[in-house]
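Engineer: with the sequence up front, the predicted model follows.
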Protein chains: 2
Amino acid sequence: MNALKVETEKKIIEAAKEVFVEKGLQGARMQEIADRAGINKALLHYYFRSKDKLFDAIFENIMSQMFAVVAENIRTDMSLPELLGAFVEFYNDFFQMNPFYPQFIFHEIWQNPDRLSEIMKSQQIAPAEIVEKIQQKVPAINNSDLTAEHMIANVLGMTLFPHIARPLFQRVFFNNDNDKYSRFLSERTDFLKELMTGALMGATSSEMNNKPDEDF
Amino acid sequence: MNALKVETEKKIIEAAKEVFVEKGLQGARMQEIADRAGINKALLHYYFRSKDKLFDAIFENIMSQMFAVVAENIRTDMSLPELLGAFVEFYNDFFQMNPFYPQFIFHEIWQNPDRLSEIMKSQQIAPAEIVEKIQQKVPAINNSDLTAEHMIANVLGMTLFPHIARPLFQRVFFNNDNDKYSRFLSERTDFLKELMTGALMGATSSEMNNKPDEDF
DNA sequence: GTTGTTTTTAACCATTTGGTTAATTTTTTC
DNA sequence: GAAAAAATTAACCAAATGGTTAAAAACAAC
């Protein structure tokens, strides 16, 4: 495998990433990928056999990139507010850099959830581990309506929504001004971090009433 | 236009709704729509001219159904917690009944945001109106980090996330148990309503410190 | 620099698919 | 109940598209 070959494969991956992420598996055209990579269409099959295989490679590539950071964060011993803050910060940066990813990933979640949960396993993402960590760091949660699952849904929901709804949300509330929306997103990182820190302040200091007022 | 014709059109719309909502515009096949409707494929074109036109009809149909309720809620004079509670309740019911809708809608948001914002206008959904209503009912918001836009993102995010992430979230945290997840969603309606009521309690009672502790 | 191997290309193929058409059946009109 | 209109169907068409192939070009080995 010479240097030229490596280069070609890289060009294909980059081009395929762009096209698949924007248009999805069904919407993507092999010809367009070849054109963007500046190579002959037959080369796509020479390197990756089929459209499906190429898509698999791209999808795994992207998800690994994402889950690597997630897995790393989980395994540190930050406090819960710090941990959640790190998540928020990472997702906001990551999706600001790759605006098409959220919709792309959710699309796959609906088309092929099994594969995604396989990839999670292979990337050492263990949901039970996360739930346990939360329950251990927020003992009050065990007597509360706020289960760990609700909490995760809250954090992910508040974090991801502005990204996945971006084209509409930006149009409707920000006059479709890209820069303005980018500032909103950056500002929101801090906003959410403070919000979560505040909300967890009471609950984490252990022996509390069994229904904290400040949930999220 | 006789009764038979109306019946056929209804059958087409129902079948097309199913297929488009599950597979998207690109993934849907005209033949499959015809088969599900139990009619000849040519009839699809006889009634709706083209795949795009048929899709438009379906999409508008669905969005109108949704926005009608939203518009109605906005125009009542409920308190803000009541109003937000009504939203949460509606979306949770609506998407529990139509689990494919969220992903379907977000897909369209990315493929054709302009059309969607047109439909919103035609359905009398005015975002400025919503923002004003919030600012007026939560005066403290004007001196706070929590802008109306953040608040809307929080409510929508927390509400929609469990629906749009359902296949993965259910698998990963609920052992892929459908009933269990449905209970989680129902329970979550109440959870979010209480959460929001609690969070707004302080802020709505007017003259407060300019940075409410209990945000969302 | 000839030979063998790998990479790249242009041309081609088979299938899928949205869409059309011309004929047939059903319904309406009078 | 005959004529006109509308609804329905089977057969067909053209374009798009994923994929293949055989030959050419680039490279490596000696």
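Structural biologist: Nice, thanks for sending it over. In this text the structure is predicted, and so the values were computed from the model without any measurement.

Engineer: from here on, just use CA atoms for contacts and neighbour counts.
Structural biologist: Will do.

Engineer: near chain B at all, the helix or strand where residue A:26 lies?
Structural biologist: Taking DSSP states H and E as the criterion, residue A:26 maps to helix A:3-27. Yes. Interface with chain B: helix A:3-27 contributes A:26-27 (Cα under 8 Å from any Cα of the partner chain).

Engineer: name the helices or strands packed onto that helix?
Structural biologist: helix A:30-37, helix A:51-75, helix A:101-111, helix B:3-27 (3 or more Cα pairs under 8 Å, 6 or more residues apart in numbering or on different chains; DSSP states H and E).

Engineer: and the ones you listed, which one's lowest on average pLDDT?
Structural biologist: Note on the helices and strands packed on helix A:3-27: lowest mean pLDDT is at helix B:3-27, with a mean of 90.

Engineer: what comes up buried for it?
Structural biologist: B:8-9, B:11-13, B:15-25 (16 or more other Cα atoms under 10 Å in any protein chain shown).

Engineer: how far away is the closest residue to residue A:89 other than its chain neighbours from residue B:189?
Structural biologist: Excluding its sequence neighbours, the residue lying closest to residue A:89 (Cα to Cα, 6 or more residues apart in numbering or on different chains) is residue A:189, at 5.9 Å. Residue A:189 is 26 Å from residue B:189, where distance means Cα to Cα, to the nearest Å.

Engineer: ditto for residue A:12
Structural biologist: 46 Å.

Engineer: domain ranges for chain A?
Structural biologist: A:1-49, A:51-204 (automatic domain parsing).

Engineer: want to throw the helices and strands packed on helix A:3-27 into TSV with distance to residue B:124?
Structural biologist: Listed next are the helices and strands packed on helix A:3-27 as TSV, based on distance: least, Cα to Cα, whole Å:
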stretch	distance to residue B:124
helix A:30-37	40
helix A:51-75	40
helix A:101-111	27
helix B:3-27	24
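
Engineer: relative to DNA strand C, which of these is closest?
Structural biologist: Smallest distance to DNA strand C across the helices and strands packed on helix A:3-27 (Cα to the nearest atom of the strand): 6.4 Å, for helix B:3-27.

Engineer: now the angle from that closest one to helix B:101-111?
Structural biologist: 70 degrees (axes from the mean of the first three to the mean of the last three Cα atoms, to 10 degrees).

Engineer: relative orientation of helix B:3-27 and helix B:51-75 in degrees?
Structural biologist: Using the same axes, to 10 degrees: helix B:3-27 against helix B:51-75 is 100 degrees.

Engineer: pull the distance from helix B:3-27 to the chain's centre.
Structural biologist: Offset of helix B:3-27 from its chain centre (Cα atoms, centre = their mean, to the nearest Å): 20 Å.

Engineer: which one's the longest helix in chain A?
Structural biologist: helix A:178-204 (DSSP state H).

Engineer: buried residues in it?
Structural biologist: Neighbour-count burial for helix A:178-204 [16+ other Cα under 10 Å]: A:181, A:184-185, A:188-189, A:192-200, A:202-204.

Engineer: hang on, the earlier thing: compare the helices and strands packed on helix A:3-27 and report which one is nearest to residue B:136.
Structural biologist: Checking the helices and strands packed on helix A:3-27 against residue B:136 by Cα to Cα gives helix A:101-111 as the closest, at 33.4 Å.

Engineer: chain center to the closest one, what's the gap?
Structural biologist: On Cα atoms, centre = their mean, the centre of helix A:101-111 falls 10 Å from that of its chain.

Engineer: could I get the buried residue list for it?
Structural biologist: A:101-110.

Engineer: now the residues you listed as JSON lines including distance to chain B?
Structural biologist: Converted to JSON lines, the buried residues of helix A:101-111 look like this (distance: Cα to the nearest Cα, whole Å):
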{"residue": "A:101", "distance to chain B": "11"}
{"residue": "A:102", "distance to chain B": "10"}
{"residue": "A:103", "distance to chain B": "7"}
{"residue": "A:104", "distance to chain B": "9"}
{"residue": "A:105", "distance to chain B": "10"}
{"residue": "A:106", "distance to chain B": "7"}
{"residue": "A:107", "distance to chain B": "7"}
{"residue": "A:108", "distance to chain B": "10"}
{"residue": "A:109", "distance to chain B": "6"}
{"residue": "A:110", "distance to chain B": "6"}
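
Engineer: show me what contacts residue A:147?
Structural biologist: residue A:141 (Cα atoms under 8 Å, 6 or more residues apart in numbering or on different chains).

Engineer: now the phi/psi pair for it, please.
Structural biologist: phi -80, psi 170 (degrees, to the nearest 10).

Engineer: from residue A:123, how far out is it?
Structural biologist: 25 Å.

Engineer: can you check residue A:154 too?
Structural biologist: 24 Å.

Engineer: so those two - more neighbours on which side?
Structural biologist: Counted by other Cα atoms under 10 Å in any protein chain shown, residue A:154 and residue A:123 do not tie: residue A:154 has more neighbours, with 24 against 17.

Engineer: give the next helix or strand downstream of the helix or strand harbouring the more buried one.
Structural biologist: Here residue A:154 sits within helix A:148-164, counting by DSSP H and E. As assigned by DSSP H and E, the chain's next helix or strand after helix A:148-164 is helix A:166-173.

Engineer: which strands and helices lie in contact with that following helix?
Structural biologist: helix B:101-111, helix B:113-122, helix B:127-137.

Engineer: only C-alpha atoms, please: export it in PDB.
Structural biologist: What follows is helix A:166-173, C-alpha atoms only, in PDB (Å, rounded to 0.1, in the frame of the first residue of the first chain):
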ATOM      1  CA  ARG A 166     -30.800  25.000  13.800                       C
ATOM      2  CA  PRO A 167     -32.100  25.900  10.300                       C
ATOM      3  CA  LEU A 168     -35.600  26.600  11.600                       C
ATOM      4  CA  PHE A 169     -34.700  28.000  15.000                       C
ATOM      5  CA  GLN A 170     -32.200  30.400  13.500                       C
ATOM      6  CA  ARG A 171     -34.600  31.600  10.900                       C
ATOM      7  CA  VAL A 172     -37.400  32.100  13.300                       C
ATOM      8  CA  PHE A 173     -35.800  33.600  16.300                       C
END
